[in-house]
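> make a model of this:
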Amino acid sequence: MNTTTPTTQTGVPDYFTKYEHLHLSRTTDGILEIRFTTNGGPIVFTGKDHTEFVEAFFQISRDRANKVVILTGTGDEWFAQIDGPSLGDITNPREWYNTWWEGQKVLQNLVDINVPVIAAINGPATVHSEYALTADVLLASENAYFQDFPHLTFGIVPGDGVQTVWAKALGDYRAKYFLYTQQKLSAQEARQLGLVAEVLPDSAALMNRAYEIARQLLTIPDLTRRFMRSVFTQNLKRDFLEQVGYGMALEGISATDLKIAAEEASRNK
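Alright, predicted model coming up:
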């Protein structure tokens, strides 16, 4: 496969500036920082992002100039806001089909990033926390916490991969508690459970440490570093293929049932 990536005259790949809510920058030694952002502040996730992130992570995965990846947020949030209406009518199976397809592909493309990934959790990770858990190394600032906020808040099944990564991270029974109760898991609790490797006092210390580890990983021979990522993601790739399509199908059914229940309630008034 040809993995040549088109670049501008300044040597910056075209895809670096293509996605509205991703700020991409790369050091001269190949450390790619992916920062979620909206208008220079924390990201507000939209339906457009749901579509664009599929292509973005594919482009990142095929660019051999990326040697280590750091995935982080902006300001005091990692990923904690969502524009629900922008996702379209999730109760309509014909519209949900696009979401169903994208939800699978975005995770497949994330785990296809064939270099080590460091998730630097700079604040609450309550939306798409599964993105963070596709990383090899998780670091967090003291004020960070994990939660699955949107699914039960909207009244739908958490089936888009959160069920898969959290079962791996916490074990099946603790993961079910986490998802059923919308538990908030602090950075320190996540470290004690073995999910987070280190907790740093603030965002500045967090990013300094992320780059320090990234440069340590660069000392590993290139192919060894890439094949280590392949080894560590192999089981997760399999589990995503087996579980996410099914989980998102049930998520869509539960959304449709909410619409039917609301219509029935309206008729019975």
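> which stretches of the stretch 1-150 of the chain form strands?
Using DSSP state E, counting those that start in this stretch, the strands found in the stretch 1-150 of the chain span residues 22-26, 31-36, 44-45, 68-72, 81-82, 117-121, 137-141, 145-146.
> nearest to Pro13, of the ones you listed?
Smallest distance to Pro13 across the strands of the stretch 1-150 of the chain (Cβ to Cβ): 8.1 Å, for strand 22-26. Backbone N, C-alpha and C define where each C-beta goes, glycine included.
> could you list the low-confidence segments of this protein?
Counting by pLDDT under 70, the chain shows low-confidence ranges at 1-10.
> pull the longest helix from it.
helix 222-267 (DSSP state H).
> list the helices and strands that one packs on?
helix 93-111, helix 162-170 (3 or more Cβ pairs under 8 Å, 6 or more residues apart in numbering; DSSP states H and E).
> return the most buried member of those.
Mean neighbour count (mean count of other Cβ atoms under 10 Å) peaks for helix 162-170 among those, with a mean of 21.
> run through the neighbouring helices and strands of that helix.
Identification of packing neighbours for helix 162-170 by 3+ Cβ pairs under 8 Å, 6+ apart yields helix 129-132, helix 172-180, helix 222-267.
> and stretch 144-163, how far out from the chain's middle?
A distance of 13 Å separates the centroid of the chain from that of stretch 144-163, by Cα atoms, centre = their mean, to the nearest Å.
> C-alpha coordinates for that stretch, PDB please?
These are the backbone C-alpha positions of stretch 144-163, laid out as PDB (Å, rounded to 0.1, in the frame of the first residue of the first chain):
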ATOM      1  CA  ALA A 144      -9.300  14.400  35.500                       C
ATOM      2  CA  TYR A 145     -12.000  11.800  35.800                       C
ATOM      3  CA  PHE A 146     -13.700   9.200  33.700                       C
ATOM      4  CA  GLN A 147     -17.400   8.600  33.300                       C
ATOM      5  CA  ASP A 148     -19.800   7.500  30.600                       C
ATOM      6  CA  PHE A 149     -22.200  10.400  30.700                       C
ATOM      7  CA  PRO A 150     -24.200  10.500  27.400                       C
ATOM      8  CA  HIS A 151     -25.700   7.100  26.900                       C
ATOM      9  CA  LEU A 152     -27.900   6.700  30.000                       C
ATOM     10  CA  THR A 153     -28.400  10.500  30.000                       C
ATOM     11  CA  PHE A 154     -30.000  10.100  26.600                       C
ATOM     12  CA  GLY A 155     -31.600   6.800  27.700                       C
ATOM     13  CA  ILE A 156     -29.800   4.500  25.300                       C
ATOM     14  CA  VAL A 157     -27.500   1.500  25.500                       C
ATOM     15  CA  PRO A 158     -23.800   2.100  25.900                       C
ATOM     16  CA  GLY A 159     -22.800   0.000  23.000                       C
ATOM     17  CA  ASP A 160     -20.400   2.000  20.900                       C
ATOM     18  CA  GLY A 161     -17.200   0.400  22.300                       C
ATOM     19  CA  VAL A 162     -17.300   1.700  25.900                       C
ATOM     20  CA  GLN A 163     -18.600  -1.700  26.900                       C
END
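> how about it: buried residues?
Across stretch 144-163, burial judged by 16 or more other Cβ atoms under 10 Å covers 144-151, 154, 156-163.
> do stretch 72-88 as well
By neighbour count on 16+ other Cβ under 10 Å, the buried set for stretch 72-88 is 72-74, 76-82, 87.
> please apply the same query to stretch 205-224.
Applying a neighbour-count criterion of 16+ other Cβ under 10 Å, one finds 206-207, 209-211, 213-214, 217-218 buried in stretch 205-224.
> again, but for stretch 116-135
116-135.
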